[in-house]
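# sharing a model prediction with you, sequence too.
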Amino acid sequence: MTTTKKDPVLVVVQLSGGNDAINTVIPYGDPNYYDERPALQVPEKQVLALSNQVGFHPAMGPLKKLYDEGKVAVIQGVGFPHCNRSHFRSMDVWHTCEPDKFATEGWLGRTIRDLDPTKENVVTGVNYGRGLPHALMLPGVPVASVANLEAYGLLPGIEEQEQRLSALDTFTRIYSPTMETSFTHEYLSQTGMDAFKGADILKTVPEKYASSVEYGNNSVARYLRMMAQTIIADVGTRIFYTTSPYNSFDLHGSAMTLQAKLWTDVANYVKDFFDDLHEHNLGDNVTMLLFSEFGRRVKDNGSGTDHGTGGVALVVGDKVKGGLYSEYPSLTPAKQADGDLQFNYDFRGLYATLLEQWMGLDSKPIVNGTFEQLDLYA
């Protein structure tokens, strides 16, 4: 297979709601697992073994195939200090790299600034979905947020061309800089003009795309297809982000059925995305991170699981050195953290690994310090 040797791309997929790490990477070799989860245990014979101790949930077959090909790194026991089991606070920590205080700057906003300090490309970072995740926020750093690539552009609902041109002209004049403009007005002006530039670039992406890969019918699959289109169109985007539907992994009840459905979707859309890239000889240019804000309690609650701490993250890509990383936290009751898995690997070390070993950046000012990195790349 030929390679294009393009700049490395990072795709981040947020599994919103607190994914149950214990039934994602299942410690089937530990008797404590069956003692602690009488209602939610996955039978050993169904586990997709990664070692003689742990294995994937049976719904994760396509990811197991990628793992067997050496393209999936499983980061066990990932988390951060002082987790209070709040969705909002925990996600804020992951987004800003600040577990001890509230912060405004997103780690990927800082990454985009370092990748494109002169803002030459207003689509260096793109979020696929609605709104803008905190991870991508940084004043003065343009980030496009796209819900529908086929219809992307300002004021797409105005069908009459003359009306649309008139509205866009008015918008342009409102946001065009003037000699007397204040800092606030100048910032708004730049934001408006960046939006115009981003729309002009991204609206050309779909026409450059053709693929034999059929993605699933769920929102993240559609967003990953849009990402593949954008990568194939070669518009210079280096950072992509998307989020699963709000709190979809927050399974306090009916967890056995719902988690199987969720991981079936995740495993398939990750496989489809990389199949699409490989069809276009771009598989070696992309690394994907899948993470959730925290794990779940060790004991089940009878039909689901409640908010916990230590979790698991996955890193997928052709250049990734696949395997198990860090240690699986002990399920022995005396070694739990008040009924939770003890986290044993700081997520900021994972970010630092991706930033330095994959993106070629200095991670310290982005993650706010120096943290243990993993040997994820050859």
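Received, thanks.
# tell me which residues in the lengthiest helix in the chain are buried?
Longest helix of the chain, by residue count under DSSP state H: helix 255-279. Under the neighbour-count criterion of 16 or more other C-beta atoms under 10 Å, helix 255-279 has 255, 259-260, 262-277 buried. Any C-beta I mention is one placed from the backbone N, CA and C, and that applies to glycine too.
# same check on stretch 203-218?
For stretch 203-218, the neighbour count (16+ other C-beta under 10 Å) marks K203, V205, Y209, S211, V213, Y215, G216, N218 as buried.
# check which helices and strands the lengthiest strand in the chain sits against.
As assigned by DSSP state E, the longest strand anywhere in the chain is strand 72-79. Strand 72-79 sits against helix 61-68, strand 311-316, strand 323-325, strand 345-346, helix 347-353, with contacts defined as 3 or more C-beta pairs under 8 Å, 6 or more residues apart in numbering; DSSP states H and E.
# can we see that at 6 Å?
The elements that strand 72-79 packs onto, with contact taken as 3 or more C-beta pairs under 6 Å, 6 or more residues apart in numbering; DSSP states H and E, are strand 311-316, strand 323-325.
# ok, residues contacting the last one?
Put plainly, it is strand 323-325. A73, V74, I75, L374 (C-beta atoms under 6 Å, 6 or more residues apart in numbering).
# how much space separates the closest residue to the second one other than its chain neighbours from V286?
Going back to what we said before, that points to V74. Spatial nearest neighbour of V74, excluding adjacent residues (C-beta to C-beta, 6 or more residues apart in numbering): L324 at 5.2 Å. Note on L324: its distance to V286, by C-beta to C-beta, to the nearest Å, is 22 Å.
# more neighbours: which of the two?
Comparing L324 with V286 by other C-beta atoms under 10 Å, the one with more neighbours is V286, at 23 against 17.
# tell me the contacts of the more buried one?
Contacts of V286 (C-beta under 6 Å, 6+ apart): V9, L277, G317.
# mind listing what's buried along stretch 367-378?
With the criterion 16+ other C-beta under 10 Å, stretch 367-378 contains buried residues V367, N368, F371, Q373, L374, L376, Y377.
# an error on my part: the question was meant for stretch 92-103.
D92, V93, W94, H95, T96, C97, E98, P99, A103.
# what's the closest non-adjacent residue to the third one?
With C-beta to C-beta, 6+ apart as the criterion, W94 has its nearest non-adjacent residue at 5.8 Å, and that residue is E293.
# and that neighbour, which of the three is it?
coil (DSSP: H, G, I helix; E, B strand; the rest coil).
# pull the contacting residues for it.
With C-beta under 6 Å, 6+ apart, E293 has these contacts: G18, S90, M91, W94.
# try it again at 10 Å.
14-19, 79-80, 83, 85-95, 247, 249-250, 307, 311, 347 (C-beta atoms under 10 Å, 6 or more residues apart in numbering).
# K65 now?
L48, K71, V72, A267, K271.
# chain neighbours aside, what residue packs nearest to N344?
Using C-beta to C-beta, 6+ apart, the nearest residue to N344 is G77, at 4.0 Å.
# neighbours of that neighbour, how many?
Neighbours around G77, by other C-beta under 10 Å: 24.
# low-confidence ranges in the stretch 51-200 of the chain?
153-193 (pLDDT under 70).
# helices of that one, start to end?
61-68, 87-96, 107-115, 161-175, 183-202 (DSSP state H, counting those that start in this stretch).
# any idea of the angle the second one forms with strand 72-79?
Taking axes from the mean of the first three to the mean of the last three C-alpha atoms, to 10 degrees, helix 87-96 and strand 72-79 form an angle of 120 degrees between their directions.
# likewise the shortest one?
Between the axis of helix 61-68 and that of strand 72-79 there is an angle of 100 degrees, by the same axes, to 10 degrees.
# report the inter-axis angle for helix 61-68 versus strand 311-316.
Using the same axes, to 10 degrees: helix 61-68 against strand 311-316 is 70 degrees.
# next, the buried residues of helix 61-68.
G61, P62, L63, K64, L66, Y67.
# quick one: the strands in the stretch 101-250 of the chain, in order.
125-128, 144-146, 239-243 (DSSP state E, counting those that start in this stretch).
# highest mean neighbour count out of the ones you listed?
Highest mean neighbour count among the strands of the stretch 101-250 of the chain (mean count of other C-beta atoms under 10 Å): strand 125-128, with a mean of 26.
# which neighbours does that one have in its sheet, and in what orientation?
strand 144-146 (parallel), strand 239-243 (parallel) (DSSP bridges).
# give me the number of residues near the closest residue to F56 other than its chain neighbours?
Nearest residue to F56 in three dimensions, chain neighbours excluded: L48, at 4.1 Å (C-beta to C-beta, 6+ apart). Neighbourhood size, L48 [other C-beta under 10 Å]: 20.
# list the contacts for L48?
So L48 contacts 25-26, 28, 42, 55-61, 63-65, 67-68 (C-beta under 10 Å, 6+ apart).
# and V320, what is it in contact with?
66, 70-73, 287-288, 314, 357-358, 376-378.
# and it, how far is that from E120?
In terms of C-beta to C-beta, V320 sits 29 Å off from E120.
# ok, K101 next?
33 Å.
# please apply the same query to G106.
From G106 to E120 the distance is 20 Å (C-beta to C-beta).
# when those two are compared, which one has more neighbours?
Ranked by neighbour count (other C-beta under 10 Å), G106 and E120 place G106 first, with 26 against 8.
# wait, doesn't the more buried one sit right on V93?
No. Between G106 and V93 there is no contact under C-beta atoms under 10 Å: 11.6 Å.
# hmm, back to that, adding pLDDT and distance to K197, write the buried residues of stretch 203-218 out as a markdown table.
Listed next are the buried residues of stretch 203-218 as a markdown table, based on pLDDT from 0 to 100; distance: C-beta to C-beta, whole Å:
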| residue | pLDDT | distance to K197 |
| --- | --- | --- |
| K203 | 87 | 11 |
| V205 | 94 | 14 |
| Y209 | 95 | 21 |
| S211 | 97 | 27 |
| V213 | 98 | 30 |
| Y215 | 98 | 28 |
| G216 | 96 | 32 |
| N218 | 96 | 31 |
